[in-house]
Each structure stands twice: as C-alpha cells, then as structure tokens.
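> kindly return the folded structure for what I paste below:
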Amino acid sequence: MLKMERTCNSLKCDVMCNGELIGYMEGVNLIQWFLKNKYSYKGSFSKFITFNPVDDYSGMIVDIVFTDKNLIAKNARIEWIRAPGKNGTFKASNMEYYEI
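Have a look, this model is predicted:
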C-alpha cells in the first residue's frame, strides 16, 4: 500500500553536517510517504548553497532544518545535485520536531 500523507515546504532551510552549519537550501519541498508499513521522506530543493564549495556533493548525509516549521529532516542523503543550478533531491530517514 502506497499512501502520500503530508507535504511540507519552506523557502529557506539551514543545512547541518556533524552539528555544524554548512550552508542553506532554498525552495525545499518534502513529501511523507507510507509504504510497506514504514514512513519514507523524500524531497527536492531548488538551490543548495554551501559556505565551502567542497561540501556540496551527491551522497553526503546532512540534517535539513525547517526553521519556520520547527522540523528537522534527520540523516538526509543528497541523492543528486545538478551542477549549474545546484538543484536536486534528497531522502531523509526520519523527521523530528524541535522547540526553540
């Protein structure tokens, strides 16, 4: 059974790696799927800007912080990044709510 349950989007999200802020993403969309008795979180972004150019590659694992919604996409693996526009997709292992 495949069921799309919830979507979430944000104009700008912070990107953390190993507890450090490494950059931000713009135009982030996230979809929560329910498939085979477990949740799956997939998303896309329109631009990925990093403070260090070495930190933007496919396959890296980051935490994406939706600051306007108090949500964190934990252990999000960047699936692919298109070079000129820096847009791409990611898959997160879980979502967490945080309080400031």
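> sketch out the low-pLDDT regions of this structure for me.
For the chain, the stretches with pLDDT under 70 are 1-6, 100.
> how about the strands in it?
Using DSSP state E, the strands of the chain run over 2-17, 20-35, 38-45, 47-50, 61-66, 71-81, 88-92, 94-97.
> now the closest residue in space to Thr67 that isn't next to it in sequence: how far from Pro84?
Using CB to CB, 6 or more residues apart in numbering and skipping residues adjacent in sequence, the residue nearest Thr67 is Asp14, 6.1 Å away. Using the backbone N, CA and C atoms, a C-beta is placed for each residue, glycine as well. According to CB to CB, to the nearest Å, Asp14 and Pro84 sit 23 Å apart.
> ditto for Lys42
23 Å.
> quick one: which of these two has more around it?
Shown here are Lys42 and Pro84; by other CB atoms under 10 Å, Lys42 has more neighbours (15 against 5).
> who does the more buried one bridge with?
Ile31, Lys91 (DSSP bridges).
> which residues touch it?
Remark: with contacts taken as CB atoms under 8 Å, 6 or more residues apart in numbering, Lys42 is in contact with Leu30, Ile31, Trp33, Thr89, Phe90, Lys91, Ala92.
> of those residues, grab the buried ones for ChimeraX.
Applying 16 or more other CB atoms under 10 Å to these leaves a buried subset, and the ChimeraX line that selects it is:
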select :30,89,90,92
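> and the closest residue to Asn75 other than its chain neighbours, how many neighbours?
By the measure of CB to CB, 6+ apart, the closest residue to Asn75 outside its immediate chain neighbours is Ser93, 4.1 Å from it. Residues contacting Ser93 under the criterion other CB under 10 Å number 13.
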